[in-house]
Structures are given as structure tokens and as C-alpha cells.
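Show me how the following folds:
(chains A and B)
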2 protein chains.
Amino acid sequence: MGKLAIIGLGLIGASAGLALKRAEPVDTEIIGYDKNVDNALTAHKAGAVQRLEPTLEEAVAGATMVIIATPIISIRQIFEAIAPRLQRGAVVTDTASTKGDVMRWAHDILPAGTHFVGGHPMAGKEQSGPQAADAALFDRRPYCIVPARDASQGAIKAVVDVAEAMGAVPFFMDATEHDSYAAAISHTPLVASIALFNLARGSAAWPELAGISGPAFRDLTRLASGHPVMSHDILLTNRENILHWIERYIAELRRVADMVESDDAEALYRVLAETQYERDNFITSPPKREPDDDKKFELPTASEAFIDSMVGSYWRERSSELNKVLEERNRARERVDRLRRRD
Amino acid sequence: MGKLAIIGLGLIGASAGLALKRAEPVDTEIIGYDKNVDNALTAHKAGAVQRLEPTLEEAVAGATMVIIATPIISIRQIFEAIAPRLQRGAVVTDTASTKGDVMRWAHDILPAGTHFVGGHPMAGKEQSGPQAADAALFDRRPYCIVPARDASQGAIKAVVDVAEAMGAVPFFMDATEHDSYAAAISHTPLVASIALFNLARGSAAWPELAGISGPAFRDLTRLASGHPVMSHDILLTNRENILHWIERYIAELRRVADMVESDDAEALYRVLAETQYERDNFITSPPKREPDDDKKFELPTASEAFIDSMVGSYWRERSSELNKVLEERNRARERVDRLRRRD
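Predicted coordinates:
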């Protein structure tokens, strides 16, 4: 295959190098470049790349495949720097978390005779940098593949081969689909996590809140420790989609709040039981992507029946306990109302 | 110490039994009861309790300490059932995630001469039931202790001793404080997680979203797999606090959305850098609870200076890259505006 260049040797770039080395592509030399010399040396020492190049231009010269694993905003300038040095037929790919801007930059800047195929491995962890690199980071993880309109079949296959060599599972989609899906499944969780952390951190009771915080708070705020450059570039380059999904998330939170506020305790229980059922189902047997199956969005009858019987039997069992609590609450409310009327 | 009875042998009750056995309290017999016979047998087989009792009444007869680890709503009826059988001086505690209702029930129902000291270990995991029990579940976890107004010092000490024997770190607070803090740090994350899962699950693109979902979505929706009975009882018994914090959470999400929407990319970067700094700080050196320290809510000057220099140097480095992207975005917006004016 020749020379494969990894530009950007942070968590993703260095992990890609380790994963590709693990796959032992016999005739490929993996070389690396990072403008941060410490990152470059750490990745090289960890064995993520066989050799370092001192400049971007030298890194891509003669490369048949270039993987750009830098922050999104930097990709534009990297395209400009490498465009004159790419050899004819070179395949360029990236690992950015948003695809719209990157695809446009590739179209505007990369020269004819080269092929761009966008990539986005759905993998990551709390730590960043090459010291956190892991050959198994991409194992069985989805890898979004977004080919440029003019990319050759050979170029697409080359990027699919790299994704599979890294242990990942390729998913094809276009940039618009990708950015909308990623906003829902990845960038809105990022915003949710940041907002949840700042909600508690900004409270006057923060020392108490932090003192009694358990694994729930820790897990839910994990993404707030994400590298600010990465988060920043995501929020800048996928703005409209993210704003759309934040509004939908707020509407969903309001829906839960309305149920909590209502006196229909059984309806609330049903939603919670359905949620647990669906979440467990997602973990144990995630849905397959079958775009031609019209029925794909309907819950199968069996699950409905299962949830019905689960809710029903459980409800019979605890209704007397619950009724006492609800009656007590209503009495308390009436008492408050009476006191208010007296004022 | 005599006989210690654990009522409810799910994840928490069975883990408490295992943790107490690990601490080897030489003169204490740990017995258990669960109205679900399968749970009782599983917990007994796992060694969480030395002996099972066939009824609630027999379980508490002669016990010097009773730990109630059932769903919150059930505690009221358990108090009614055990009240006539508790021996004089018995100490009763619980592990419920909300404390207001439980403290009131204890006051109304438990007989004079017994002592109630509420407890809430801040520990848990995705799985439930005694098969998921773990002797280390409470290790170094906070354990909220909420004594009834008339509980004796001896009773309070006995519950603190149990919490410490389980490996946990006791925190004293009253029921009002507890329920407000727990709403912020534990119950709002629960609602956030449920809403985030249902947002994606309810989307027409769910098969695609699930297909490309990564660890972010998985971690952030973990609490949606929580046992619906537990979630339900939390939402019912801490309603006002949870509704209050959901509104504050929505306001915080709006604040992030406003920053994403604004054109002040540097301000957005600063917030993300501060968030990462504070979250990392929380993980590596969580704040101590020092109620008498007036300065506790202020960020120390050193951190401000550190963040300033971090933001400043980074900004100088990437401003040219960013400006190109922002200019491009503005040009695109102007183009759209021109087209609109033409219509």
C-alpha cells in the first residue's frame, strides 16, 4: 500500500496508528506528524508511528493515504498546506466529529486527481493526548464514512479497509445525515453533560453537592472533561443542528417534568418501565440499520404486551401503598390551599 | 451488638450485608427478609445474610438494628408492620434516595422508645437485584445521615458505625437539605438521562442514531436503565425539588445554546476551558465541605490566572484558523440574506 501519513497524533491519531500496527499491514509504512513536538515524540515512543516527519509537507509527500486527526478548525489550513504536495491518486481522509465544513473545504481546496473520503470513528474517552492512546479504541465501534461526490470506488474501499483494519465497523452516510445524527447522538449529550456540570458547579451549595455526589453525577458529567478545543470546534461547525437538538432535548425534559407534576402516577411508571425496557434492549440488541424496512420504527407487539403485563401486575401489587402516599399528598395540598384562602 | 435485620435484599440491601460481613462484626448476627423469595434466596446464597426470616415481623423481632433497603414508597407500610414488633431501644435506619416523606412516616408511625436515623448511601450501578450485589459498592462513597429530631446520640453513633463498617463516609444533614441536594446531584441527572435516551429513541432516525452511537450516548443514558420502581418513587417523593432543578437545568442548557448561537467564539472557548478545568479539578481534588468558610464559593485567583493564560495563548495560536471559518460563515449568512431580500 505504500506510505500512510497520520497528521495529528493526539488520542485519535495515535490510537489509529497503534490499531493499524496491530493489524500488521505488511507493506505499509506508517509515518506521523504533529505540530506539537511533545505529542509527536510521545506517539512515536508508544509505537503509534514508525517514523516522524518534521513538517506537514514532508509528511504527505509520497503518501498514498493521509489520515488527518486534528481539531476540526485546523483541517482547513492543513488542506491548504498539503494540497501542493499530495501525489496524484492520494486518498485523504479525516476523523473530525462534524462533516459539512470539512467536505466543503476538501472540495474547494484539495487538487483534482486526489480523493477525499471523510471519516468519523465513534470512539473516545475522558482523557486526551497520545499518552491515552489505545490500540483497541475503535474495536467494534461504528465508523462513519462520508465519501466526496467525486471520490473513486478505489479510494472509498481504501478508507473502508483502514477503518476495518482499525477494528471498526463502517457506516456509509452523506454529510448532512452525518451532522444531524451526530448532533443528536453525540453533540447534544456533550452539551447536556457540560450544562449538568455547570448547573451544580455554579450552585451556592457546590461544596455540599460535590461532597455527596455519586457515580450518577460523575458519569453524566464525563463529557464536560472533554478537550475544550474539540468541543469548541464541534459547537462551531455543527451549530444549526446542535441548536435544533438542544431545543428538542428541552422539550423532552419538559415532557418528563409534566409527568412528574401530574397526579397520574401509573402513567409515569409506565414511561419509566418502557424507558428501562428500551434502554436495556438497546444495550443487549441494538437495532440494525435497515433503511428499506417500513416497519422499523414500530415497537413490535410482543414488547408492548410485555410492558403491559409488567406494568399491570406491578401496579396491582403496589397500588395500596401508593394510594396512601398520594392521598397524603392531596391532603397536604388541601391544607395548604385552606391556609392560603384564610390569608 | 446483637441481631441486625436487613429488610429488602436487592442491590443495596444485599451489598450492605456483604460489606458488613467483610467488616466482620464479631458479635452481630445479620439476618435478612425480602418479600420476593427469589431475591431472599439469592442474597442468602451469596452470603449477604447469615439467615433468612419468613416474615417481616419475625425479621425485626429482637433486632437491635433494622436497615430498610426497599423502594421508598414501601417503607410506610413496612413501618406500620414492624412498629408493634420493634424492641425497646431498637435503631431503625433506611437507604432511601429521598428523606422528607420517610422522616415524616418514621415520626408518625414508629413507637416511642425506638430511634430512627435516616440514611442514604450515594452508591449504585446500572444493574439491580441481589445478583449484582458487591461488598465494595459503598467503599469511600458518601453516606448521608439524617437523624430524627428525637434520635439518641447512641442511635446516631450506631448508624454512623454501620455506614463506616460498610466502607462509606458519613455526611450529616437534615431532610430538607438532603432532598434539595439529592435533587440537584442525583435526581436531575436521572431525569436528564431518561430524557436524552427518549429523545433519541423517539426519533424517526433511531435505527441510524443507535447504529452510530458511541460511548458518549451510552454513558449519558446509563441512568435510563435504572429500575423503574426506584426512579418512580424518587420522582414521586421529591417532586417539588426535582421540578425546581429541571427548570434550572433547562435554563443552563439555554445559556449554552445562547453561547453556541452567538458569534463570540472566544467567550464560548473560555467557558469550555473553564468547564474542563473545573470538572478535572472536581475529579482529582473534590471540594471539602466547610460551611464556615466564607470564601468557599469563590474561584481562587490562581485558577482564574491559569485559565486566562490558557485561553490567551491558545487563542493567539488559532485565531487565524478560526477567523477564516467565521468569515466564511458570515459570508454564507450574507448570501442567504441577499437571496431572501430578492424574494
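
Run the chain-centre distance for the helix or strand encompassing A:Gly119.
Using DSSP states H and E, A:Gly119 falls within strand A:115-121. Offset of strand A:115-121 from its chain centre (CA atoms, centre = their mean, to the nearest Å): 16 Å.

Got the phi and psi for A:Ser285?
phi -140, psi 80 (degrees, to the nearest 10).

Let me see the ranges of the helices in the stretch 51-200 of chain A.
Secondary structure of the stretch 51-200 of chain A (DSSP state H, counting those that start in this stretch): helices located at A:56-60, A:72-82, A:100-109, A:153-165, A:175-182, A:188-201.

And the stretch 201-343 of chain A, by the same measure?
Counting by DSSP H, counting those that start in this stretch, the helices of the stretch 201-343 of chain A are A:206-212, A:215-220, A:228-237, A:239-261, A:265-284, A:301-342.

and the shortest one, C-alpha only, in CSV?
The reference is to helix A:215-220. Only the C-alpha atoms of helix A:215-220 are listed here, as CSV (Å, rounded to 0.1, in the frame of the first residue of the first chain):
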residue,chain,number,x,y,z
PRO,A,215,-21.4,7.7,40.3
ALA,A,216,-24.6,9.2,38.6
PHE,A,217,-23.2,12.7,38.6
ARG,A,218,-19.7,11.6,37.7
ASP,A,219,-20.8,9.5,34.7
LEU,A,220,-23.3,12.1,33.4
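
is it anywhere near chain B?
Yes. Contact of helix A:215-220 with chain B (CB under 8 Å from any CB of the partner chain) involves A:Pro215, A:Ala216, A:Phe217, A:Arg218, A:Asp219, A:Leu220. The C-beta positions use only the backbone N, C-alpha and C, and glycine is treated the same way.

The first one too?
Yes. Taking CB under 8 Å from any CB as the criterion, helix A:206-212 and chain B are in contact, through A:Trp206, A:Pro207, A:Glu208, A:Leu209, A:Ala210, A:Gly211, A:Ile212.

Quick one, which of those are buried?
Neighbour counting with 16 or more other CB atoms under 10 Å in any protein chain shown marks A:Trp206, A:Pro207, A:Glu208, A:Leu209, A:Ala210, A:Gly211, A:Ile212 as buried within the residues of helix A:206-212 next to chain B.

can you name the two of those that are farthest apart?
Checked with CB to CB, these reach their widest spread between A:Trp206 and A:Ile212, with 11.3 Å between them.

how about the helices of the stretch 51-200 of chain A, which one is nearest B:Ile283?
Distance to B:Ile283, taken as CB to CB, is lowest for helix A:188-201 among the helices of the stretch 51-200 of chain A, at 10.7 Å.

circling back to that earlier point, could you export the residues of helix A:206-212 next to chain B as TSV, including pLDDT?
Formatted as TSV, these follow (pLDDT from 0 to 100):
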residue	pLDDT
A:Trp206	95
A:Pro207	93
A:Glu208	93
A:Leu209	95
A:Ala210	95
A:Gly211	93
A:Ile212	93
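
Below-threshold pLDDT in chain A: ranges please.
Filtered on pLDDT under 70, chain A yields the residue ranges A:1, A:25-26, A:288-302, A:342-343.

Would you show me how to pick out the buried ones of the residues of helix A:215-220 next to chain B in PyMOL?
Selection command for PyMOL covering only the buried members of these, criterion 16+ other CB under 10 Å:
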select buried, chain A and resi 215+216+217+219+220
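
Same list (the residues of helix A:215-220 next to chain B) but as CSV, adding distance to B:Thr70.
Shown next, in CSV, are the residues of helix A:215-220 next to chain B (distance: CB to CB, whole Å):
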residue, distance to B:Thr70
A:Pro215, 21
A:Ala216, 20
A:Phe217, 24
A:Arg218, 26
A:Asp219, 25
A:Leu220, 26
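
For the residues of helix A:215-220 next to chain B, work out which two are farthest apart.
Spatially, the most separated pair among those is A:Pro215 and A:Leu220, at 9.3 Å (CB to CB).

separation between A:Arg248 and chain B?
In this view, A:Arg248 and chain B are 6 Å apart by CB to the nearest CB, to the nearest Å.

now that residue: how far from B:Leu196?
Counting by CB to CB, to the nearest Å, the separation of A:Arg248 from B:Leu196 is 11 Å.

got the contact list for A:Leu209?
A:Ala200, A:Ser203, B:Tyr181, B:Ala184, B:Ile185 (CB atoms under 8 Å, 6 or more residues apart in numbering or on different chains).

let's go with 6 Å and repeat that
Going by CB atoms under 6 Å, 6 or more residues apart in numbering or on different chains, A:Leu209 touches A:Ala200, B:Tyr181, B:Ala184, B:Ile185.

By neighbour count, which of those wins?
Ranked by neighbour count (other CB atoms under 10 Å in any protein chain shown), the contacts of A:Leu209 have B:Ile185 at the top, with 29 neighbours.

ok, now which ones touch that one?
Contact analysis of B:Ile185 by CB under 6 Å, 6+ apart lists A:Ala200, A:Leu209, A:Ser213, A:Phe217.

any idea what sits nearest A:Met310, other than its immediate chain neighbours?
Computed as CB to CB, 6 or more residues apart in numbering or on different chains, the closest residue to A:Met310 that is not its neighbour in sequence is A:Ala273, at 5.8 Å.

these two touch, right, that neighbour and B:Pro228?
Yes. A:Ala273 is in contact with B:Pro228 according to CB atoms under 6 Å; the separation is 4.3 Å.

now the closest residue to chain B within the stretch 1-150 of chain A: how far from A:Asp101?
Residue nearest to chain B within the stretch 1-150 of chain A: A:Met122 (3.5 Å; CB to the nearest CB). Distance of A:Met122 to A:Asp101, given as CB to CB: 19 Å.

A:Lys183 - nearest residue in space that isn't next to it in sequence?
Not Lys; residue A:183 is Ala. Spatial nearest neighbour of A:Ala183, chain neighbours left out: A:Asn241 (3.6 Å); criterion: CB to CB, 6+ apart.

With A:Asn39 instead?
Residue nearest to A:Asn39 in three dimensions, not counting chain neighbours: A:Leu9, with 5.0 Å by CB to CB, 6+ apart.

Quick check: that neighbour vs B:Glu177, distance?
Plainly put, A:Leu9 is 48 Å away from B:Glu177 if you go by CB to CB.

same thing with A:Ile30?
From A:Ile30 across to B:Glu177, the span is 57 Å (CB to CB).

who has more neighbours, these two?
The residue with more neighbours, out of A:Ile30 and B:Glu177, is A:Ile30; 21 against 17, by other CB under 10 Å.

That one: what secondary structure?
For A:Ile30, the secondary structure call by DSSP: H, G, I helix; E, B strand; the rest coil comes out as strand.

Go ahead and confirm it touches A:Arg51.
No. Counting by CB under 6 Å, A:Ile30 sits too far from A:Arg51 to count as a contact (8.0 Å).

need the contact list for A:Ala224.
Here A:Ala224 is in contact with A:Ser193, A:Ile194, A:Phe197, B:Thr275, B:Arg279 (CB under 6 Å, 6+ apart).

hmm, 7 Å instead?
Residues near A:Ala224 by CB atoms under 7 Å, 6 or more residues apart in numbering or on different chains: A:Ser193, A:Ile194, A:Phe197, B:Thr275, B:Gln276, B:Arg279.
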